[in-house]
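A.B. asks: task: produce atomic coordinates for the following.
(chains A and B)
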There are 2 protein chains.
Amino acid sequence: MRQEIYLESTPLNEALTKWLNKLSSEGADKPLSGETIKVIDSLGRVTAEAVIAKISSPFYHSSAMDGYAVRFADTFGASERTPKRLKIGEQAVYLDTGDPMPDGFNAVIMIEDVNIIGEYIEIIAPATPWQNVRVIGEDIVATELILPENHQIRPVDIGAMLAGGHTDVKVRRRPRIVIIPTGTEIVEPGTDLHKGDIIEYNSRVLGGLVSEWGGEPVRFRIVPDRPDELKEAILDAISMGDLIVVNAGVSAGSEDFTAGAIRELGEVILHGVSIKPGKPVILGWVKGKPVLGIPGYPVSAYITFQLFAKPLIYRWQGIETEEPEMLKAKLSRQVASPLGQEEFLRVKVGKVGDNLIATPVSRGAGVLMSLVRADGFVRIPVMSEGIGAGTEVVVELMRPKKDITNTIVCIGSHDNALDLLANILKKRHPRLSLSSAHVGSMGGLMALKRGEAHLSGTHLLDEETGEYNVPFIRRLLPDKKILLLNLVYREQGLLVPKGNPKNIKGFEDLTRSDVVFVNRQSGAGTRLLTDRCLRELGINPKDVKGYEREEYTHMGVASAVLTGIADTGLAILASARALSLDFIPVAKERYDLAIPREFLETDMLQNLIKIIREDTEFREIVIGLGGYDICDMGKVMYE
Amino acid sequence: MRQEIYLESTPLNEALTKWLNKLSSEGADKPLSGETIKVIDSLGRVTAEAVIAKISSPFYHSSAMDGYAVRFADTFGASERTPKRLKIGEQAVYLDTGDPMPDGFNAVIMIEDVNIIGEYIEIIAPATPWQNVRVIGEDIVATELILPENHQIRPVDIGAMLAGGHTDVKVRRRPRIVIIPTGTEIVEPGTDLHKGDIIEYNSRVLGGLVSEWGGEPVRFRIVPDRPDELKEAILDAISMGDLIVVNAGVSAGSEDFTAGAIRELGEVILHGVSIKPGKPVILGWVKGKPVLGIPGYPVSAYITFQLFAKPLIYRWQGIETEEPEMLKAKLSRQVASPLGQEEFLRVKVGKVGDNLIATPVSRGAGVLMSLVRADGFVRIPVMSEGIGAGTEVVVELMRPKKDITNTIVCIGSHDNALDLLANILKKRHPRLSLSSAHVGSMGGLMALKRGEAHLSGTHLLDEETGEYNVPFIRRLLPDKKILLLNLVYREQGLLVPKGNPKNIKGFEDLTRSDVVFVNRQSGAGTRLLTDRCLRELGINPKDVKGYEREEYTHMGVASAVLTGIADTGLAILASARALSLDFIPVAKERYDLAIPREFLETDMLQNLIKIIREDTEFREIVIGLGGYDICDMGKVMYE
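C.D. replies: Next up, the predicted model:
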């Protein structure tokens, strides 16, 4: 099998058109045939033919009230002056609501309008024909259309079909999507892990999407990177499903056999679409079935599957593809993007005051958490080199709009206690979310200035006054009324691997030739602290190896130290504890939340502040993290 | 057991508060305890505790590209002028994307940037530390929060949990809702039906709602109206679920035992809420569990279940109750409503031009089809006696907003061919719907005048000119540009029961004392035809028994004749065929569609017209109905 090296770069729209045209030319774009199932099991399924009422509902005349059935002719002339008596059992028959009308009776008088006198009822008004009677077919008339073809069945539809005399219904067969995870390095979740193993989870993500779209996912066993086994697997899968998805082996590496396998078995319609991420997608056709090869990186897999599998699954059910909700928002920062590729940028969206703000999250195709954290996608067009800060963009939402308006947007310095706060907030108030973007203390205050965040975590030490945060707020946000609330005092220090193998004692060791440092991004409070420590010791940053490698969070620094990328870095004690690193204390600092007064009275912020001030579970967990002093938690430091 | 006679009339908000307060005071308003399930089965479930990463992802450094792993120190000084060679196997190791970095190696050079020369690779630029390397924790860092508590699990979340080392997850137990159908007259769907039987379908509608809301419906067997059996059933059900729903027996009839049973077993918190429909709802509490008694009429059951069960099911899962989408629309006609009751008015909503128009559908509590047809609810406040035509109202939607903008609104005369047209439209274009409201030909033209419909079915004969429709359009819509498209010619005639037992030969028989007629509403073309026939024969409508009983559709008239409510009525042949009635021809008439030109070029209308003009399946089915002449189908009659 020849190795694939060159990929095309077909524009997305052209690729989609080719894909759907191929389906259409093969007659494979029609709704699937029907299958007959029980009506009571049909929720969410799609009708494969119109459902016509077999019987009327009700199918006999019945009383619509509790009262007496009468013949209306017997009631002529009744009035307050000349009440009329009707013999019970002969001229008047008691009925509960829903009881059938006795033959020949054609009106019901409500129980409230009747006097019972011995064997008679007395009435003081005549009845009109068919008053208070539910007549045959009042709800459904036999032969009436209950549901059209291609209708997705809701709970009320189930009731109407049963009422119309149906116990079975012909619905579209669920499209079966066979997902083949491939790769010699791929292992099942829960296996003992060895270096080189990759846990297989893409098929579960894609399978979940198939279920949400109304299809039936079939997960094939893991197939190693061997051309013959892959071909055999594809042939097996073709007998099992309507669409075969091969994940991955679609790129141009020495173990990427998917395109070759598809070509040998059938036809590669297209290999390579100018999207990012997701470029090496393969559209194939084998023995009358579409075969989709999608990349292994989880974000690429997710995006290409949405683009090329979702429309098929809907089409085969005979319903319109469910489109994501759209939203216009302002991009919070500039994003550069390669010309010639349509980029799918993941963003978080928050409503701050009247502004909807979209903030890009990680762009790595391998960062699944970027999808977990994102609220939606922004598409950057093929012919664009990027989007400027403040530009209005269209966001394709992954979450309901209302969740977005119920999100507290926190942009600024990172602290592990913020994660806990987010969790407790959701626990106490399921409708609320706290979303954190980590851009450092300075970046956070600038976000407040631009009206892009509800609050900002900050720990900026003013060297002249020795005061935390307040001088910076006065200087950077002179026009804003800001409340400064303490969250914690925390210990910052140098993290080193367990046992401190390089015997690092403080910043003075950073110039040693055998020591590699990992830094924080500029604008971070921790970066300011680093720079102050170096300055005090008269160390030139150029003499610190690794000074230019920047991480965005404390956990990022801790992770770099744990994994040997660096020997040490400055971070909070909680991050050392989390990864069992040793810790050389450097400073105790104040970590506050800056909140513009305009947002203070919102229900969201009030609930958040209440947790900070009163929630004992939150306090206990923060203390459990280690390195925190909560003596001023929730105290106003400045207003 | 004492029979319940008097109901309270508690305002809805007060009733809801009482209900939730009772739950809270009994400690039953908390999220349910957790259960541990497989991550791969957890789609849609709600986390019962935060999910923290056990391992990092990736958990080893790996190549982010296909290329050669190197030690970056070995690459110092490489340039185009001074290329550097590295020995393959010692200084450079080939890796596919995702392969682990060999120990001591710390950068990857892309395959494209390498020349292979014998046993060496040649490079022309130095590597930077960790370039093209996916470092440990790039996606997920061990100890990081993956999902907070009370989070509803999506496909991507499943991937993130698996990547973070979890195979199991603790999720909230699904709330179990036990639904007890009661009533001696109630039978299972599919049973041989006898007069007096009522098909049990409410439990299936409510069960479907429970599933949609994330709960687990448990359908109890049908319990007859016997107090002891009912009490026993409730006690059984209490051991099975979190909420017990008794349907029905909640009113004040002689067989309404639900309130009594709940009171004897526990407590009736409240009986009777001032809503319409749904008034006799019972809120009860038995042995530590909430017991909800809801009315038997399907619309009442649906509404009260939404109001009193839905918030519990969400609360028990720890997530916010999903609220319906809201929409503002103009009410198309005046609606009177009783003072002192909050009415839930079902409406259809259509977007006609720029106007969103809400049109009330049937208001009967027993008309399940009103829910099938409705797009949403309008709440008419307790202290209102109704809403005027043209008033802006808020609609709580039952369908997605986009379905509403894809609906063709047809208001006017009814014809069975319109039902077929609706079905074929949905079959050919699943995203489109045709919604018909039957108000007669005149009413339809007035709706066009007010801009409330896209088209109108009309068959109005001008007595002076003998011309159909055109004179009426000129007179009623002088300012509108209207296209008149023929749909069919059809036969109108008198319907009589099979065999014509009363030997009716024509309109002259309507004055006979043994003949009861059923009429159409004024403004209907068929009503005009009736009146013309009577006038021509010199018959005074007062001498026609049943002249004042009006039906709104041909099928309504046919149903009245079939069921013996009337002996005869004027309607189209297709309706006689549908219910196997005999037919005495009276006239052949032209049935056209009037379409304002402003809507003609929309994609929706173009698709509809194409079906009318070209679709052979549609034509065949119309002919199959009987009594139709389609020689001019789709022809422009006036423009």
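A.B. asks: show me which residues of the stretch 301-450 of chain A sit near chain B.
C.D. replies: A:302, A:318-320, A:323, A:364, A:366-369, A:371-372, A:398, A:402, A:419-420, A:422-423, A:426-427, A:430-431 (C-beta under 8 Å from any C-beta of the partner chain). Backbone N, C-alpha and C define where each C-beta goes, glycine included.
A.B. asks: report the buried members of those.
C.D. replies: Buried subset of those (neighbour count, 16 or more other C-beta atoms under 10 Å in any protein chain shown): A:302, A:318-320, A:364, A:366-369, A:371-372, A:398, A:419-420, A:422-423, A:426-427, A:430-431.
A.B. asks: what sits against residue A:607?
C.D. replies: A:425, A:428-429, A:432 (C-beta atoms under 8 Å, 6 or more residues apart in numbering or on different chains).
A.B. asks: let's see which of those residues end up in helices.
C.D. replies: Counted as lying in helices by DSSP state H, out of the contacts of residue A:607, are A:425, A:428.
A.B. asks: and the two most separated of the contacts of residue A:607?
C.D. replies: Greatest spatial distance among the contacts of residue A:607 (C-beta to C-beta): A:428 and A:432, at 8.2 Å.
A.B. asks: and chain B, is stretch A:54-70 touching that?
C.D. replies: Yes: Stretch A:54-70 comes into contact with chain B (C-beta under 8 Å from any C-beta), by way of A:55-62, A:64, A:66.
A.B. asks: show the end-to-end separation of that stretch, please.
C.D. replies: 30 Å (C-alpha to C-alpha, to the nearest Å).
A.B. asks: of the contacts of residue A:607, which is the nearest to residue B:74?
C.D. replies: Using C-beta to C-beta, residue A:425 is the member of the contacts of residue A:607 that lies nearest residue B:74, at 50.0 Å.
A.B. asks: the closest one: what's it in contact with?
C.D. replies: Taking C-beta under 8 Å, 6+ apart as the test, what residue A:425 contacts is A:408, A:432-434, A:607-608, A:611.
A.B. asks: among the residues you listed, name the ones in helices.
C.D. replies: Using DSSP H, the subset of these located in helices is A:607-608, A:611.
A.B. asks: from the residues you listed, which is closest to residue A:524?
C.D. replies: Of all these, residue A:608 has the smallest distance to residue A:524: 23.1 Å, by C-beta to C-beta.
A.B. asks: okay, now that closest one: neighbour count?
C.D. replies: Using other C-beta atoms under 10 Å in any protein chain shown, residue A:608 has 26 other residues around it.
A.B. asks: pretty sure it is touching residue A:424, no?
C.D. replies: No: judged on C-beta atoms under 8 Å, residue A:608 makes no contact with residue A:424 at a distance of 9.5 Å.
A.B. asks: please enumerate the helices of the stretch 251-400 of chain A.
C.D. replies: Along the stretch 251-400 of chain A, counting by DSSP state H, counting those that start in this stretch, helices occupy A:258-265, A:298-308, A:310-317, A:369-373.
A.B. asks: meant to ask about the stretch 451-600 of chain A, not that
C.D. replies: Using DSSP H, counting those that start in this stretch, the helices of the stretch 451-600 of chain A run over residues A:470-476, A:525-536, A:554-562, A:573-578, A:597-600.
A.B. asks: measure residue A:260 to chain B for me?
C.D. replies: Distance, residue A:260 to chain B, by C-beta to the nearest C-beta, to the nearest Å: 15 Å.
A.B. asks: next one: residue A:142
C.D. replies: Taking C-beta to the nearest C-beta as the measure, residue A:142 falls 7 Å from chain B.
A.B. asks: for that residue, which non-adjacent residue is spatially closest?
C.D. replies: Nearest residue to residue A:142 in three dimensions, chain neighbours excluded: residue A:56, at 4.6 Å (C-beta to C-beta, 6 or more residues apart in numbering or on different chains).
A.B. asks: need the per-residue pLDDT for the one you found.
C.D. replies: Looking at residue A:56, its pLDDT reads 91.
A.B. asks: wait, it sits on residue B:560?
C.D. replies: No: assessed by C-beta under 8 Å, residue A:56 is found out of contact with residue B:560, at 11.6 Å.
A.B. asks: comparing these two, which residue is more hemmed in?
C.D. replies: Neighbour count, other C-beta under 10 Å: between residue A:56 and residue B:560, residue B:560 has more, with 27 against 24.
A.B. asks: is it true that that one touches residue B:566?
C.D. replies: Yes: with contact defined as C-beta under 8 Å, residue B:560 reaches residue B:566; the gap is 4.6 Å.
A.B. asks: common neighbours of these two, please.
C.D. replies: B:518, B:549.
A.B. asks: same list (the ones in helices among the contacts of residue A:425) but as a markdown table, adding pLDDT.
C.D. replies: Converted to a markdown table, the ones in helices among the contacts of residue A:425 look like this (pLDDT from 0 to 100):
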| residue | pLDDT |
| --- | --- |
| A:607 | 97 |
| A:608 | 97 |
| A:611 | 97 |
